[in-house]
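show me how the following folds:
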Amino acid sequence: MATLTAGSGLSLPCLVLLLLLGIPGAGAQEFQLLQPQGAVSVSAGETLTLLCSVTGNPPAGPTKWFKGSGPTRQLVYEEKGSFPRVTRVTNTDTDYSIRINDTRPEDAGTYRCVMFKKGLGGDEEIGSGAGTNVSVSARPSAPSVSGPPSRAEPGTPVNFTCTSGGFSPRDITVTWLKNGVPLPAPQTRVLPEHENVSYNVSSTVGLNLSAGDARSQLTCQIEHSALAAPLRGTYNLSHALRGQSLLSSPALWIGLVLEKMLTGAFLLFLFLRAPGLFPDVLARSPPATCSVCSLCPQPGDQPPDGGAAAPPAGLSHGAQA
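A predicted model of the protein is given here:
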């Protein structure tokens, strides 16, 4: 008769068979895969560290990292293969933590550390970590403000649009200001409307322009969790107003001519009252008291060589005798 072990309810041959088959719980040491991070938030461009370790005595086999779950899960890291942005933190048999460099919005998702054991038909999955949910915060781009395609007359309603993109998470606040004063009821839309790795925003505000808006400025202000301070884009409303043409305004012509005349008169006044301001001009000009006649020889003048004075022009030799 076979002898039964105390309290087991199994005969000795049965226990031996279980040990030979390697059935879990029959003498094999247990192991536990630890993934302590429930959720991690990182800014785009930073380095993300995902923790995973094993305790106990796991069977021989690789440990891999996956993003997502099910048949569509994406392999993130394993010892074999090339993963340029992913590296092991330490190269030990108990720590399987990894680093992801230069994180991007598309890196957001749930990551799991999965252990395998070697089998005749390939690696067999035997354990998985609880999973770490990673969110990547990305800054919105600088806001760009655009006005109407053509200039408008004063009193005409005009729409202005502010756009920005590449941000995550989805929540964003857009505020319009005219000369620093908030404008009411802008129409703001964030796309895509479904969950995505990054988002774009477009906001539109309408204004009735007046002639005085030629000196006004419109500001689009964006606030987001990834920003330490709001981003602003500006638009000068003079670019949207249709101004008067110089040819169609005689008053502008007259003002321009008067300006040139006054400028010329002022320069002439300076020239006459302050000759020292224009030494080069005066050096090339004859003295104010000089005349053409004074440059000619006069009767009684001695020639430079001390000889007799030259006869006046027009006298013949006979007259001189």
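
so what's the gap between the longest helix seen in the chain and the chain middle?
Longest helix of the chain, by residue count under DSSP state H: helix 250-273. Helix 250-273 sits 48 Å away from the centroid of its parent chain (Cα atoms, centre = their mean, to the nearest Å).

next, the buried residues of it.
Using 16 or more other Cβ atoms under 10 Å as the test for burial, helix 250-273 gives no buried residues. All C-beta spots, glycine's among them, are computed from the backbone N, C-alpha and C.

repeat for stretch 94-101
Under 16+ other Cβ under 10 Å, the buried positions of stretch 94-101 are Tyr96, Ser97, Ile98, Ile100.

OK, contacts around the nearest residue to the last one once chain neighbours are set aside?
So the one you mean is Ile100. Among residues not flanking Ile100 along the chain, Leu48 sits closest, at 4.3 Å (Cβ to Cβ, 6 or more residues apart in numbering). Going by Cβ atoms under 8 Å, 6 or more residues apart in numbering, Leu48 touches Val40, Val42, Arg99, Ile100, Thr103, Asp107, Val134.

ok, Val145 next?
Contact analysis of Val145 by Cβ under 8 Å, 6+ apart lists Phe160, Thr161, Cys162, Leu218, Cys220, Gly233, Thr234, Tyr235.

helix or strand next in line after the helix or strand the first one falls within, which one?
If I follow you right, that is Phe160. Secondary structure assignment for Phe160, by DSSP states H and E: strand 157-167. Where DSSP H and E defines the elements, the next helix or strand beyond strand 157-167 is strand 173-178.

now do that next one: distance to the chain's middle.
The answer for strand 173-178 is 19 Å, by Cα atoms, centre = their mean.

the inter-axis angle of it versus strand 157-167?
On the basis of axes from the mean of the first three to the mean of the last three Cα atoms, to 10 degrees, strand 173-178 is oriented at 150 degrees to strand 157-167.

may I have the strands that pair with the following helix or strand past strand 173-178, each with its orientation?
Proceeding N to C from strand 173-178, the next assigned helix or strand is strand 181-182, under DSSP H and E. Looking at strand 181-182 with DSSP bridges, its partner strands are strand 173-178 (antiparallel).

for the partner strand, which positions count as buried?
For strand 173-178, burial by neighbour count (16+ other Cβ under 10 Å) applies to Val174, Thr175, Trp176, Leu177, Lys178.

turn the residues you listed into TSV, including distance to Val257 and pLDDT.
Converted to TSV, these look like this (distance: Cβ to Cβ, whole Å; pLDDT from 0 to 100):
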residue	distance to Val257	pLDDT
Val174	49	97
Thr175	47	97
Trp176	43	98
Leu177	41	97
Lys178	37	97
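
so which of those residues would you say is closest to Leu270?
The shortest approach to Leu270 among the buried residues of strand 173-178 belongs to Lys178, at 46.0 Å (Cβ to Cβ).

and the nearest residue to that closest one once chain neighbours are set aside, what are its bridge partners?
Distance criterion Cβ to Cβ, 6+ apart; nearest residue to Lys178, sequence neighbours excluded, is Leu218 at 5.7 Å. Applying DSSP bridges to Leu218 gives these bridge partners: Lys178, Tyr235.

same question, the one 5 residues further on
When bridges are assigned using DSSP bridges, the partners listed for Glu223 are Thr173.
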